[in-house]
Each structure stands twice: as structure tokens, then as C-alpha cells.
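Peer 1: Sequence and predicted structure are below.
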Amino acid sequence: MKTRGSTKEYFFPLDFSFYFLSRIPYVCGKIRQMRFFLIVSFFVLTQVQNLVAQSHPQPYSFHFYQKLSRDVYNKNTRFHSSLKPFIANDSLLVHSVDSLLSVGVDSSRSDWIKRKLFNEHLIDVRRGDYMAYVDFLPDFLVGNADGSGTWLNTRGFQIGGTIGKNFYFYTSGFENQGRFADYYTNYINTTRVVPGQFYDRNAHIPGPTKDWSYVTALISYTPSKYINITLGQDKNFIGDGYRSMLLSDYSSNYPFLKLTGNLGSVQYMAMWAALQEPNGTKFSYDSGNRRKGGVFHYLDWNVNNRLSLGFFDAVIWSQYDDEGNKRGFDWGYASPIIFLRPNEATSGSPDNAAMGLTGKYEIFNKMAVYGQFFLDEFQAKEFFSKAGSNRNKYGIQLGLRGADLLKVNSLNYLLEFNTAKPYTYSSRKSDLNDRDFSMLTYGHYSEPLAHPYGANFRELVGILSWSKHQLDLQGQFNLAKYGLDRLNEATNYGKNIYRPYNTQFSRSNGNFLGQGNTTALAYLEGTASYLLNPKYNLRLELKGILRNEKQSITSNSTAWVMFGLRSSFRNLYQDF
């Protein structure tokens with residue numbers, strides 16, 4: 001593939017589809033446009049015939065999915081566990097999911113207020129072959145971090161439902177303001193993005209208070225048990241671990257079209273995503289953020305009841321070339337077939353391509369070892385040498401997880417190691433005005449698409465959780481070592497994936513893990529929660545965080561305690 005010049009090429013419907021996908025964040029930010037989305041969704045959904053059992057994705061939350069480990073990592077079954085969110089109509093999960101969504105429900109409650117607070121959705125309509133629900137989603141927290149008050153004021157909603165047996169729609173929106181611990185605030189000030197959510201509307205106003213929105217929207221269609229089609233703005237996750245070195249749910253939501261097929265022991269996913277970078281050089285005020293596209297393929301093969309192998313590839317491309325000319329859509333990216341990386345190499349493409357492998361082996365019942373390998377760039381001479389080339393870029397994950405530890409019911413556990421070489425996930429220089437910034441980075445909205453630490457790190461993470469009726473307890477530790485760029489020094493040491501690796505600021509050889517301003521991170525987190533309403537995860541939650549980031553001559557410590565009323569199924573990370 002060659003970079004196109006100023007000649008515009010339009011390929012309908014693909015150009016139109018990617019344009020539509022790229023505008024979803026803007027559309028979803030407007031309430032009246034959200035109403036439009038729901039009306040269109042309803043119109044499309046009502047045209048469908050009832051073909052299969054009722055099918056919909058179960059929103060991905062690590063804490064919720066941990067409770068499914070007993071079924072997911074059962075050596076007597078073959079379940080595709082690495083592609084998330086799961087489709088909740090899978091026969092293996094139906095009973096467990098329904099049971100978790102009914103914990104604490106007391107059918108003897110007759111009072112309407114008590115039923116809505118503790119048993120049901122706020123609005124729940126079930127009529128023949130369709131159902132719909134509406135909920136108010138609060139996140140109200142108060143806390144203290146090192147003597148300073150912190151708080152979170154989130155007002156959210158969710159609307160979801162099914163029409164027939166094979167269409168599902170869902171949307172949620174959150175309006176947020178908050179104050180946080182210093183390390184969290186510093187992250188927002190640097191990226192201008194609230195981690196995993198959206199841009200801070202107060203970025204131009206000095207001060208600790210942050211203000212942002214967060215929106216998701218999905219339409220899911222399962223015409224048969226062999227295929228699912230999902231269009232929406234949300235997140236995706238590939239892997240069996242807490243982290244993913246391939247594709248995680250850490251960055252902000254993005255618009256995507258995803259096809260997922262199941263045939264016997266094979267599950268296959270092809271996804272096209274519209275990504276953007278608010279920190280890229282803008283062509284004009286009217287053009288908005290710089291935009292780019294991504295295509296992702298993943299094949300998961302259950303070799304037998306114990307062993308699963310997965311194959312992954314991805315390509316990131318900019319919608320404009322280095323001269324600011326719009327590129328037409330490359331038909332090669334429309335192919336749903338995996339392994340685009342060799343084609344990229346032979347065609348002289350300027351885009352950023354990567355490949356990956358996953359593996360899982362269930363060594364005992366309810367216990368599995370798993371791993372991932374992400375290959376960003378491969379040159380045999382550099383890969384097997386010890387020269388420390390900046391083109392020797394890869395990431396590795398190894399982990400162990402399971403359920404009912406020491407035969408204690410619902411005691412789930414995970415132990416995981418992650419590492420990425422310097423400059424992994426970064427790309428060549430690809431921005432205007434000779435800036436030290438790359439549009440082709442494996443990231444979205446100023447955050448990594450894979451591990452939140454970026455590159456040039458190693459990490460050990462452990463999680464232990466236990467549930468009894470409505471009570472949930474979880475403990476977590478993270479130990480990490482990484483190399484930051486030094487202040488007042490232009491050298492790129494390879495942790496910031498948005499800095500290109502092929503400039504005079506990077507080191508061609510002699511690179512090693514932890515180079516630069518070597519930093520050690522220790523993170524401890526404990527959470528206790530009491531479930532009030534399982535339908536939308538309404539709960540009282542108490543959380544404590546101890547964090548220490550130590551460098552050669554400085555050390556920053558945080559003690560953060562928070563308590564409040566929370567809801568919804570989503571992952572919001574604080575362990576960075």
C-alpha cells in the first residue's frame with residue numbers, strides 16, 4: 001500500500017462507514033443525537049425475525065467476570081474465554097449470569113420503592129418478544145488523600161433491551177465532576193484525559209476539580225448461533241488476564257464495527273475501529289481532533305478441553321498523510337482475514353502493524369495458566385541479538401488464575417506478570433510541524449490500547465477476591481519497575497508510546513528495560529462492598545489505596561480512602 005496524495009478517493013460504503021464511526025463520539029456527546037440513535041436503533045431492530053435464543057453481550061467488568069471463573073476455567077468444558085465481553089446467552093454462562101444478577105433479590109418485597117431500590121430496574125418493560133429497562137446510575141464518593149478531600153459526583157443512566165430473540169441495544173451516559181489524589185490529578189493534567197473515560201473540560205482552567213462526560217452505545221445482532229454483529233461505541237478486551245498486552249479496556253471508548261463468528265472449536269473476531277488523538281496537530285479548528293483507523297483480527301482455537309491457542313493481528317493507520325492530504329480507504333483493510341502483517345511488509349505500507357499470540361492451559365479444574373506475546377516489529381538479526389536495538393519491540397504476559405482457592409467457595413485468585421521492551425507500541429514519526437509525536441502509535445485518545453504503563457516496564461500483579469451473598473471483598477497488589485523520560489532532557493527512553501522511536505531523540509542500540517529515570521512502583525488496594533441491587537450493580541463501597549512511586553532521589557507516596565454509593569458494570573483503573 002502506498003500513501004496517497006491529494007487526490008481524493010471515495011469507496012462507498014467503506015469511506016462512509018468509517019466517517020460515520022469517526023463521528024460517533026461527537027454524536028454521543030449530544031443528548032438530542034442520542035435520542036436519534038435510539039430511534040434509529042428501534043427502527044432497525046423491529047425489522048428482525050426471531051431466530052435464536054435471546055442474545056446480548058454482558059458488559060465487561062473484571063470484578064463481575066471473576067465470579068464466573070468456576071465455569072469459564074472448567075477443564076470439562078470448552079469455552080472461549082479470551083474475547084470480552086462475553087455473549088451472555090452462551091449455554092455455559094446463562095445460569096451463572098442469571099444467578100449473579102439475582103443475588104439478594106427478595107421476591108417477597110411488595111413495596112414499590114423497596115422493589116425498585118433492591119430488586120428491579122427502575123423501569124422494566126417486558127411484552128411478548130421484547131423487553132426494555134432504564135436505570136439511574138450514581139457514583140457518589142467522598143474520601144481523603146494525604147489530608148486533602150477527594151470526591152466524585154457522577155449522575156448516569158442506562159437504557160437497554162432486546163427485540164425478538166437476536167437483537168440487543170444498550171446505551172449509557174455519565175456526567176461527572178470530581179477531585180482526586182495528586183498522582184491521579186497529575187495524570188489528567190498531563191494527558192488532558194480522565195483515565196479510560198474522556199477529555200477534561202477543565203483542562204484549560206488551573207485547579208484540582210475535573211469535569212467530563214462518558215458515553216457508550218451498542219447495537220448487537222445475532223442472526224444465528226454462528227455469528228454476532230456489533231456496532232457501537234465502547235471498549236473491547238482480548239485475553240484471560242487482568243491486563244492485556246494485545247487489546248485492553250484501558251483507553252477511552254471508541255466507535256467500532258465487530259464481527260464475531262463461532263464454529264465448533266474456533267472463535268473468530270474481525271473489528272474495524274475509528275480512533276482519534278486530541279494531542280495530534282489539528283489541521284483547523286473545524287476539523288477537530290486528528291483521526292486514525294484500526295483493524296483488529298483475533299482467532300481463538302480450543303484445541304481440546306484444556307488447551308486454547310489464539311492468533312492476533314492489528315493495523316493502525318492515519319486518515320491523513322504527512323502533508324495533510326486525506327487518504328482513501330485501503331481495500332486491503334476491508335478483508336476480515338487474519339494476518340495482515342506480512343501483507344503490510346511486502347506492500348511497503350507506512351502504517352503500524354503488529355501481531356500477537358495467546359495461550360491458555362487448564363492445568364486443574366478451575367485453574368488455568370495463560371499468556372500473551374505481542375510483536376510490534378521483527379527483524380531476526382535484532383530480535384535474537386543482545387544489541388538492544390530500538391526495533392526489538394515486543395511484550396509478554398504470563399499468568400495463573402482460578403476459582404475456589406484452597407476449596408473455599410467463591411475465593412477467586414490471579415497472579416500475573418507483564419513486561420514490554422522499550423519503544424514497544426510506538427511508531428515512526430508521523431505528525432506535522434516536525435513535532436515529537438506519532439499519530440501511528442498503538443493508542444487512542446492519548447492513552448495506550450494495551451497495557452496502561454505503555455512500554456519499558458515490568459509488572460507483577462496479584463488479585464484475591466471473595467464473595468458471600470451480597471458481600472464482596474477484594475485485595476490487590478502491583479509491583480512494577482519502569483523507566484521514565486528525564487526532566488529537562490530530550491532523550492526518548494521508550495516508555496511514552498506517543499514519542500516516535502526513529503528520531504534523533506531515541507537510542508538506536510544499547511536499550512534495556514528500565515532505562516531512563518528508573519522508577520519502582522508499589523501499589524496496594526483493598527475494597528469492601530455490599531450489593532444493594534444486582535440488576536445494575538448498585539452497592540455501598542469502601543476502598544483504600546496505598547501507592548508509592550520511588551526514584552533514585554525522590555519518592556512520592558499516597559494514602560487514599562474513599563466511601564460511597566456506586567453502580568454500573570465497568571472497569572475504571574487507578575493502579576498506574
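Peer 2: That came in fine, so what should we check first?
Peer 1: Run through the stretch 201-350 of the chain and note the low-pLDDT ranges.
Peer 2: Low-confidence segments of the stretch 201-350 of the chain, defined by pLDDT under 70: 284-286, 321-324, 328-329, 331, 339-349.
Peer 1: So Gly310, which state does it fall into?
Peer 2: Here Gly310 takes the strand state, with states given by DSSP: H, G, I helix; E, B strand; the rest coil.
Peer 1: The closest residue to it other than its chain neighbours: neighbouring residues, count only.
Peer 2: Leaving aside its sequence neighbours, Gly310 sits nearest to Thr358 (C-beta to C-beta, 6 or more residues apart in numbering; 3.4 Å). Glycine gets a C-beta too; all of them are placed from N, C-alpha and C. Look at Thr358: counted by other C-beta atoms under 10 Å, it has 27 neighbours.
Peer 1: show me what contacts Thr358?
Peer 2: Counting by C-beta atoms under 8 Å, 6 or more residues apart in numbering, Thr358 touches 82, 238-240, 246, 300, 308-312, 370-373.
Peer 1: which regions of this protein lie under the pLDDT threshold?
Peer 2: Checking the chain against pLDDT under 70 turns up 1-55, 88-90, 284-286, 321-324, 328-329, 331, 339-349, 430-436.
Peer 1: Quick one: residues contacting the residue most central in space within it.
Peer 2: Centre of the chain computed as the mean C-alpha position; nearest residue by C-alpha atoms, centre = their mean is Asp249, 0.8 Å away. By C-beta under 8 Å, 6+ apart, Asp249 lies in contact with Tyr60, Lys84, Gly196, Lys235, Asn236, Phe237, Asn571.
Peer 1: Farthest-apart pair in these, please.
Peer 2: Lys84 and Gly196 (15.1 Å; C-beta to C-beta).
Peer 1: For Glu382, pull up the helix or strand it's in.
Peer 2: Taking DSSP states H and E as the criterion, Glu382 maps to helix 380-383.
Peer 1: same deal with Lys114?
Peer 2: helix 112-118.
Peer 1: picking that back up, weed out the non-buried ones from the contacts of Thr358.
Peer 2: Listed as buried from the contacts of Thr358 are 82, 238-240, 246, 300, 308, 310-312, 370-373; burial here means 16 or more other C-beta atoms under 10 Å.
Peer 1: Next one: the closest residue to Ser389 other than its chain neighbours from Arg499, what distance?
Peer 2: Leaving out its chain neighbours, the residue that sits closest to Ser389 by C-beta to C-beta, 6+ apart is Glu382, at 4.0 Å. According to C-beta to C-beta, to the nearest Å, Glu382 and Arg499 sit 20 Å apart.
Peer 1: quick one: which of these two has more around it?
Peer 2: Using other C-beta under 10 Å as the criterion, Glu382 and Arg499 rank with Arg499 on top: 24 against 16.
Peer 1: Please look at the more buried one and Phe505 and confirm they touch.
Peer 2: Yes. Using C-beta atoms under 8 Å, Arg499 is in contact with Phe505, at 7.1 Å.
Peer 1: Among the buried ones among the contacts of Thr358, name the ones in strands.
Peer 2: If you go by DSSP state E, these have Ile238, Asp300, Ser308, Gly310, Phe311, Phe312, Tyr370, Gly371, Gln372, Phe373 in strands.
Peer 1: Is it possible to get TSV of those residues that adds distance to Gln476?
Peer 2: Output for these, formatted as TSV (distance: C-beta to C-beta, whole Å):
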residue	distance to Gln476
Ile238	21
Asp300	27
Ser308	26
Gly310	26
Phe311	30
Phe312	26
Tyr370	18
Gly371	20
Gln372	20
Phe373	25
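Peer 1: Tyr498 touches Asn279, doesn't it?
Peer 2: Yes. Assessed by C-beta under 8 Å, Tyr498 is found in contact with Asn279 at 7.3 Å.
Peer 1: For the two, list the residues in contact with both.
Peer 2: The contact sets of Tyr498 and Asn279 overlap at Phe437, Ser446 (C-beta under 8 Å, 6+ apart).
Peer 1: When those two are compared, which one has more neighbours?
Peer 2: Just comparing Tyr498 and Asn279: by other C-beta under 10 Å the higher neighbour count belongs to Tyr498, 22 against 17.
Peer 1: how far away is the residue nearest to the more buried one when sequence neighbours are not counted from Trp317?
Peer 2: In space, Tyr498 comes closest to Thr441 once its chain neighbours are excluded; the distance is 5.2 Å by C-beta to C-beta, 6+ apart. Distance, Thr441 to Trp317, by C-beta to C-beta: 12 Å.
Peer 1: who has more neighbours, those two?
Peer 2: More neighbours surround Thr441 than the other of Thr441 and Trp317, with 27 against 24 (other C-beta under 10 Å).
Peer 1: May I have the phi/psi pair for the more buried one?
Peer 2: phi -60, psi 150 (degrees, to the nearest 10).
Peer 1: so it touches Thr424, yeah?
Peer 2: No. Applying C-beta under 8 Å as the test, Thr441 and Thr424 come out as separate, 10.7 Å apart.
Peer 1: Quick check: Tyr530 vs Phe136, distance?
Peer 2: Here Tyr530 is placed at a distance of 19 Å from Phe136 (C-beta to C-beta).
Peer 1: thinking the residue nearest to Ser389 is in contact with Arg391, fair?
Peer 2: Yes. With contact defined as C-beta under 8 Å, Glu382 reaches Arg391; the gap is 5.3 Å.
Peer 1: Using PDB, write out every CA atom in the host helix or strand of Gly156.
Peer 2: In this assignment (DSSP H and E), Gly156 forms part of strand 148-163. Taking Å, rounded to 0.1, in the frame of the first residue of the first chain, the C-alpha atoms of strand 148-163 are listed here in PDB:
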ATOM      1  CA  SER A 148      -6.800  16.600  51.200                       C
ATOM      2  CA  GLY A 149     -10.500  15.900  50.500                       C
ATOM      3  CA  THR A 150     -11.500  14.000  47.400                       C
ATOM      4  CA  TRP A 151     -14.900  13.400  45.900                       C
ATOM      5  CA  LEU A 152     -16.700  12.100  42.900                       C
ATOM      6  CA  ASN A 153     -20.200  13.300  41.700                       C
ATOM      7  CA  THR A 154     -21.400  11.100  38.900                       C
ATOM      8  CA  ARG A 155     -25.000  11.100  37.600                       C
ATOM      9  CA  GLY A 156     -25.600   8.400  34.900                       C
ATOM     10  CA  PHE A 157     -28.300   6.400  33.200                       C
ATOM     11  CA  GLN A 158     -28.600   3.300  31.200                       C
ATOM     12  CA  ILE A 159     -31.200   2.100  28.700                       C
ATOM     13  CA  GLY A 160     -31.100  -1.400  27.300                       C
ATOM     14  CA  GLY A 161     -33.300  -4.100  26.000                       C
ATOM     15  CA  THR A 162     -33.900  -6.800  23.400                       C
ATOM     16  CA  ILE A 163     -36.300  -7.000  20.500                       C
END
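Peer 1: about what we covered before: residues contacting the residue nearest to Tyr498?
Peer 2: By C-beta under 8 Å, 6+ apart, the contact list for Thr441 reads Glu277, Ile316, Asn352, Tyr425, Ser426, Ser427, Ile497, Tyr498.
Peer 1: Could you tell me which of these belong to strands?
Peer 2: Reading strands off the contacts of Thr441 with DSSP E, I get Glu277, Ile316, Asn352.
Peer 1: Tell me the buried residues within those residues.
Peer 2: For those, buried by 16+ other C-beta under 10 Å: Glu277, Ile316, Asn352.
Peer 1: now the residues you listed in CSV, with distance to Gly475?
Peer 2: What follows is these, written out as CSV (distance: C-beta to C-beta, whole Å):
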residue, distance to Gly475
Glu277, 36
Ile316, 36
Asn352, 38
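Peer 1: Return the member of the residues you listed nearest to Val295.
Peer 2: Closest to Val295, out of all of these and judged by C-beta to C-beta, is Ile316, at 8.5 Å.
Peer 1: ok, the residue nearest to that closest one when sequence neighbours are not counted - contacts?
Peer 2: Distance criterion C-beta to C-beta, 6+ apart; nearest residue to Ile316, sequence neighbours excluded, is Asn352 at 4.4 Å. Counting by C-beta under 8 Å, 6+ apart, Asn352 touches Val315, Ile316, Trp317, Ser427, Arg428, Leu440, Thr441, Tyr442.
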